[in-house]
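In: Turn this into a model:
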Amino acid sequence: MVDPSWIEQALERNKARREHFDEIAYTRLTDALGGWPRGTVFLGGRAVPGYPSIGRVLNLEQGLKQHFQAPFHAEEKIDGFNVRIVRHADTDLAFSRGGFVCPFTTDRLPDLMDLRIFDDEPDLVICGEVAGPGNPYLEGHPPDIDHEVVLRIFDLMRFDAPQFMATVERHDLLQRYGLPAVPYHGRFHADQPEAVRALLGELDRRGVEGLVLKEEGERQKRAKYVTPASVVQDLRAMGDALIDMPPEYFTNRLLRLVLILEESPALERPELRAELGAALIDPLLAAARAHRDTHKVAHHFRCRFRSRVNAERFIEHMRRVPQKEIHSSVRSLEQAEDGYWVLTFDRVFPRISGLLGNFLSGAQVYD
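Out: Residues are numbered from 1 along each chain as shown. Here you go, the predicted structure:
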């Protein structure tokens, strides 16, 4: 149990916020505090630990030597959004990385996993990635996921304990309950960079985002490393939002790609430069061509809900938690023949929309 006075102090220091979902009240940390990561949720006197950030290594060989003291496990990095799933007061909830109840994932939990595991493991915290073309948050999705939305579990924790379950124990528990896990790619040592690099080449050819490396033992050290394909996919996904995104979004990824290729020339596929150029040019060119009819640059989303109430909660969630410099606009909410409620909406990028409108109308530019 968490001391209520500690939570009150966190609220007084503006390190936490009170929230609610339906009749469920909870508090979420907006900053790391007292050993609890940002996004930790205090619910019914107990803590749902926040999911900590994982550092990225940009040089694989030196990164393995510097960060790993024991054998580590390599798991596939999924291009999706991070959730923590729990059962509280007979209600199954999915929390976002920031500690909000995600109305979309909470609504779709019965489609994503067998929830009976909570009957036997009521204090379990399931950490996973939700991905697929029907997700309401991200443009991209893994190339081998064509179903509208799926869950891939990558960690397990317990209420009140910000430690991860050991990899082997987690694999056994997920297998016992038939739950969907991230693909596993083996156990390695820090002196095996070539073996990890060969694995990354295979993942790059498949268009997979990369790997998360998890050390055995009490330190629970982690690191992530991505493929060239993931860099191209990221740039393509946001290429039409060129000036609405922070410049670092593009420059960091270009630097990341250069460092990957500098260390691993074998990953430099002949077509990579052409793919990179297309990723930078094609989305913006398509946006400019479409702007004459639409008068805006927007990304279109279509997601399905089991309940209309949860779709409406998600709309309210978008209004309460807006993305910086991006405006969300609902287009329709209609019930499909299969009973699901289909929400379509746009995320509009106002700066590039206005700039293209100005340029396409013939305005002069002084460089």
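In: which regions of the stretch 201-350 of the chain sit below the pLDDT cut-off?
Out: 322, 324 (pLDDT under 70).
In: any idea where the strands of it begin and end?
Out: Under the criterion DSSP state E, counting those that start in this stretch, strands of the stretch 201-350 of the chain are mapped to 210-215, 222-226, 298-305, 327-335, 341-348.
In: Quick one: the ones you listed as TSV, columns for mean neighbour count and distance to Q69 too.
Out: The C-beta positions use only the backbone N, C-alpha and C, and glycine is treated the same way. Listed next are the strands of the stretch 201-350 of the chain as TSV, based on neighbours: other Cβ atoms under 10 Å; distance: least, Cβ to Cβ, whole Å:
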stretch	mean neighbour count	distance to Q69
strand 210-215	22	7
strand 222-226	21	12
strand 298-305	18	43
strand 327-335	13	45
strand 341-348	19	43
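In: closest to G45 out of those?
Out: Smallest distance to G45 across the strands of the stretch 201-350 of the chain (Cβ to Cβ): 29.2 Å, for strand 222-226.
In: Can I get the strands of the stretch 201-350 of the chain in a markdown table including distance to F42?
Out: As requested, those are exported to a markdown table (distance: least, Cβ to Cβ, whole Å):
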| stretch | distance to F42 |
| --- | --- |
| strand 210-215 | 27 |
| strand 222-226 | 25 |
| strand 298-305 | 27 |
| strand 327-335 | 28 |
| strand 341-348 | 30 |
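In: Looking at these, spot the one closest to M1.
Out: Closest to M1 of those, according to Cβ to Cβ: strand 222-226, at 28.2 Å.
In: who touches the closest one?
Out: 54-57, 60, 63, 67-68, 77, 196, 200, 209-215, 256, 260 (Cβ atoms under 8 Å, 6 or more residues apart in numbering).
In: follow-up on the earlier one: nearest to A266, of the strands of the stretch 201-350 of the chain?
Out: strand 222-226 (14.8 Å).
In: What about A288, how many residues nearby?
Out: Burial measure for A288: 15 neighbouring residues, criterion other Cβ atoms under 10 Å.
In: Report the contact partners of it.
Out: L356, L360.
In: how close does it get to P71?
Out: 51 Å (Cβ to Cβ, to the nearest Å).
In: pLDDT wise, what is D22 at?
Out: As predicted, D22 sits at a pLDDT of 90.
In: typed the wrong thing, it's E148
Out: In this model, E148 carries a pLDDT of 93.
In: Assign it to helix, strand or coil.
Out: Recorded secondary structure, E148: coil (DSSP: H, G, I helix; E, B strand; the rest coil).
In: Identify the spatial nearest neighbour of it, chain neighbours not counted.
Out: Closest residue to E148 apart from its sequence neighbours, by Cβ to Cβ, 6 or more residues apart in numbering: G134 at 3.1 Å.
In: That neighbour: neighbouring residues, count only.
Out: For G134, the neighbour count with other Cβ under 10 Å is 18.
In: can you check I326 too?
Out: Counted with other Cβ under 10 Å, the neighbours of I326 add up to 17.
In: Tell me if I'm right that it and D346 touch.
Out: No: taking Cβ atoms under 8 Å as the definition, I326 is not a contact partner of D346, at 9.9 Å.
In: buried sites along stretch 148-162?
Out: By neighbour count with 16 or more other Cβ atoms under 10 Å, stretch 148-162 contains the buried residues 148-159, 162.
In: Can you name the residues that contact the closest residue to R313 other than its chain neighbours?
Out: What sits nearest to R313 in space, not counting adjacent residues and going by Cβ to Cβ, 6+ apart, is P103, at 3.9 Å. Listed by Cβ under 8 Å, 6+ apart, the contact set of P103 reads F21, N310, A311, R313, F314, H317.
In: Tell me where the stretch 251-367 of the chain has helices.
Out: 272-294, 308-320, 350-360 (DSSP state H, counting those that start in this stretch).
In: out of those helices, which comes closest to L173?
Out: The closest of the helices of the stretch 251-367 of the chain to L173 is helix 308-320. By Cβ to Cβ, the value is 28.2 Å.
In: Just the CA trace of that closest one, in PDB.
Out: This file holds the C-alpha atoms of helix 308-320, laid out as PDB (Å, rounded to 0.1, in the frame of the first residue of the first chain):
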ATOM      1  CA  ARG A 308     -20.000   3.900 -28.300                       C
ATOM      2  CA  VAL A 309     -19.400   5.300 -24.800                       C
ATOM      3  CA  ASN A 310     -15.700   4.400 -25.000                       C
ATOM      4  CA  ALA A 311     -15.500   6.000 -28.500                       C
ATOM      5  CA  GLU A 312     -16.900   9.200 -27.000                       C
ATOM      6  CA  ARG A 313     -14.400   8.900 -24.100                       C
ATOM      7  CA  PHE A 314     -11.600   8.600 -26.600                       C
ATOM      8  CA  ILE A 315     -12.800  11.800 -28.400                       C
ATOM      9  CA  GLU A 316     -12.800  13.600 -25.000                       C
ATOM     10  CA  HIS A 317      -9.400  12.200 -24.300                       C
ATOM     11  CA  MET A 318      -8.000  13.700 -27.500                       C
ATOM     12  CA  ARG A 319      -9.400  17.100 -26.500                       C
ATOM     13  CA  ARG A 320      -8.000  16.900 -23.000                       C
END
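In: And for it, what's in contact with it?
Out: 21, 100, 102-104, 106-107, 136, 303, 305, 328, 330, 333, 335, 341, 343, 345.
In: mind running it again at 6 Å?
Out: Helix 308-320 has contacts (Cβ atoms under 6 Å, 6 or more residues apart in numbering) with P103, F104, D107, F305, S328, V330, L333, W341, L343.
In: returning to what we had before: output the helices of the stretch 251-367 of the chain in JSON lines, with distance to R17 appended to each entry.
Out: Below are the helices of the stretch 251-367 of the chain laid out as JSON lines (distance: least, Cβ to Cβ, whole Å):
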{"stretch": "helix 272-294", "distance to R17": "35"}
{"stretch": "helix 308-320", "distance to R17": "11"}
{"stretch": "helix 350-360", "distance to R17": "27"}
